[in-house]
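Enquirer: next input, structure requested:
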Amino acid sequence: MLKSREDAFNLLERLGAPQRLFKHLQLVGEVGGEIISKLDDLGVQYDKRCVQVGIAVHDAGIIVHPNELEGGGNLHEAAGEKLLLE
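Expert: Alright, predicted model coming up:
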């Protein structure tokens, strides 16, 4: 089980994620951080670690379908789930 964003990034690196994917995940993570801050301000109860790890791995399937990083598509969705479960 991934326990942190860093664990997730380390796994993605071992799986061969391209640097452009890490840049994308960093940008999405910045927006996610703002949402997390708002949720905290509102006193919403949620699993922060789960949200942070989810943000970090949400596009893991790009490793299998790198063309979708620029061209769009949804093949990476199922591929990412399979890759993470394996």
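
Enquirer: and the longest helix for this structure?
Expert: In the chain, assigned by DSSP state H, the helix with the most residues is helix 19-42.

Enquirer: helix or strand right after that helix?
Expert: Following helix 19-42 in sequence order, the next helix or strand is helix 48-57 (DSSP states H and E).

Enquirer: could you give the mean pLDDT of whichever strand or helix holds residue 11?
Expert: Element membership for residue 11, per DSSP H and E: helix 5-14. Summarised as a single mean, pLDDT over helix 5-14 is 95.

Enquirer: before we move on, what about stretch 51-60?
Expert: Confidence over stretch 51-60 (mean pLDDT, whole number) is 96.

Enquirer: what residues does that stretch touch?
Expert: 2-5, 7-9, 11-12, 15, 17, 21, 24-25, 28-29, 32, 36, 69, 76, 80, 83-84 (C-beta atoms under 8 Å, 6 or more residues apart in numbering). Glycine gets a C-beta too; all of them are placed from N, C-alpha and C.

Enquirer: I appreciate the help and will end here.
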